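Undergrad: Pasting the sequence and the predicted coordinates here, then a few questions.
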Amino acid sequence: MKVLVVGSGGREHAIVWKLRQSSHVDKIYCAPGNGGTAHIAQNIDIKDHEIDQLLTFAKENEIDLTVVGPEVSLVMGIVDLFQENGLKVFGPNKKCAQLEGSKNFTKKFLIRNNIPTAPYVEVRDIKTAKEKLENFGYPVVIKADGLAAGKGVVIAENQEQAHKALEDMIVSRKFGEAGDNVIIEGFLTGKEASILCFVDGNTMVPMESAQDYKKIFENDLGPNTGGMGSYSPNFLYETTYKKEVEEKILKPMLEGFKKEKLDFKGILFIGLMLTEEGTQVLELNVRFGDPETQSILMRLETDLVEIMESICEGNLENMNIKWNDKQAVCVVISSGGYPELYEKNKVIEGLENVDEDVVVFHAGTKLEDEKVLTNGGRVLGVTALGNTTEEARKKIYKEIEKIRFDEMYYRKDIAQDSNY
Ligand code: AMP
Ligand code: GLY
């Protein structure tokens, strides 16, 4: 069969890498792809938001299955568009994609369905925002309601920072339309966990747990990023929180989908805060996480095409999904300056010297004249399996030494605290 993967990040490289292992797949296109997918798929020069062009491409090339990586395409309604045109597509429809496209929509859904989440208010104008802020202590969390590439969340330590964040979003419109509505939310303390689930409307199957590192600097300091590293499984979650989450979060979530006729089909990503008073939902995403996917898919043994097709057909209940019991770690290499300003087009050297049992997933890269160049903030996701996380991370950090580009940066503490 012919598969089209939409997206250009590390997540999409990992998806393409996994789909390539399927005996059902003859040809993979990736739109627009990156320097890594160029080696294992055919890159197509169409961006994730150009959903009409993607439809035309899929029709003209008789694509059997389209797999949508990024939230942008999902929130725009790519799934509805493809389905109206009789094409098979993996991902949730536009209505369900609001669970990522609007934090207020998600908060309301969670509260209606008695799923634990931090207290919040939604505000639209700066005067009300400043008034409502007075009801919260510090730190406080300020979030743009819409999509902001993982950067629309500010943790304000005091009133001055909170006012600045509110003004940036509401008055200066730092995140454009995404800041039309703003959420002010109580601050939660604890460790985070990322739980990704396969969902087909009737059945929800959690994948192996993962941990993401959101902050740019070691020891979780500095601003939030899209994610600087990951590991799977998440030890704290597995040992202490798993049962509670299944009972208090996953079950009511699926019930809520059914009750509200959301017909969610695809990947549900649940961002959790594991607090001493129990687990709270921080956010929902409607697609694979990046860089969680790089770690998680290294551990998936079942054919991903078969899982995706079973979800499209509403037959997930009958799938037996298998994982290896290794520990996976992914360390992201970024461009100096990210998540603020950074430069592109630096030549990446040494990739060919990396050992074969370490997989270098590309994110912000492109191929030009046989050379791999940087093309984004997060550039590479160096990923490996080990019998322990310590073994995996040692392997990764040793191999990273072979990779070089100007102003390359990575955190040296990924998975150090994993406890495995
Ligand atoms: P979100 O996109 O809502 O998950 O927010 C991104 C990141 O901001 C989360 O992964 C957390 O690290 C942090 N964050 C979001 N909401 C809260 C909260 N209520 N309390 C503490 N940290 C939060
Ligand atoms: N790593 C978090 C995300 O994909 O949103």
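TA: Yep, it's here. Ligands and ions are numbered 1, 2, ... in the order given.
Undergrad: what's the next secondary structure element after the strand or helix carrying Glu100?
TA: Taking DSSP states H and E as the definition, Glu100 sits inside helix 94-101. The helix or strand immediately downstream of helix 94-101 is helix 103-112, counting by DSSP H and E.
Undergrad: Would you mark the buried spots in the helix or strand of the chain with the lowest mean pLDDT?
TA: Lowest mean confidence among the helices and strands of the chain (mean pLDDT, DSSP states H and E): strand 221-224, at a mean of 89. The neighbour-count check on strand 221-224 (16 or more other CB atoms under 10 Å) flags Asn224 as buried. Heads up, the C-betas are built off the backbone N, CA and C, glycines and all.
Undergrad: again, but for stretch 55-70
TA: Leu55, Phe57, Ala58, Ile63, Asp64, Leu65, Thr66, Val67, Val68, Gly69, Pro70.
Undergrad: pretty sure the second one is in a helix, no?
TA: The reference is to Phe57. Yes. Under DSSP: H, G, I helix; E, B strand; the rest coil, Phe57 sits within a helix.
Undergrad: Hmm, it is touching Ile44, no?
TA: Yes. Taking contacts as CB atoms under 8 Å, Phe57 lies within contact range of Ile44: 6.2 Å.
Undergrad: related to what we said a few turns ago, now the helix holding Glu100 against helix 103-112, angle please.
TA: When axes from the mean of the first three to the mean of the last three CA atoms, to 10 degrees is applied, the directions of helix 94-101 and helix 103-112 differ by 100 degrees.
Undergrad: Now for Phe57 and Ile44: what residues contact both?
TA: Common contacts of Phe57 and Ile44 (CB atoms under 8 Å, 6 or more residues apart in numbering): Leu4, Tyr29, Ala31.
Undergrad: Leaving out chain neighbours, which residue sits closest to the closest residue to ligand 1 within the stretch 301-420 of the chain?
TA: Going by CB to the nearest ligand atom, ligand 1 is nearest to Pro339 of the stretch 301-420 of the chain, at 12.1 Å. Nearest non-adjacent residue to Pro339, counting by CB to CB, 6 or more residues apart in numbering: Thr225, 4.6 Å away.
Undergrad: Glu283 too?
TA: The shortest distance from Glu283 to any non-neighbouring residue, by CB to CB, 6+ apart, is to Gly271 (4.2 Å).
Undergrad: next one: phi and psi at the one you found?
TA: For Gly271, the backbone dihedrals (degrees, to the nearest 10) come out as phi -90, psi 120.
Undergrad: Same check on Asn353?
TA: Taking degrees, to the nearest 10 as the convention, Asn353 sits at phi -90, psi -10.
Undergrad: What about it, how many residues nearby?
TA: 10 (other CB atoms under 10 Å).
Undergrad: ok, now how distant is it from ligand 2?
TA: With the distance defined as CB to the nearest ligand atom, to the nearest Å, Asn353 ends up 28 Å from ligand 2.
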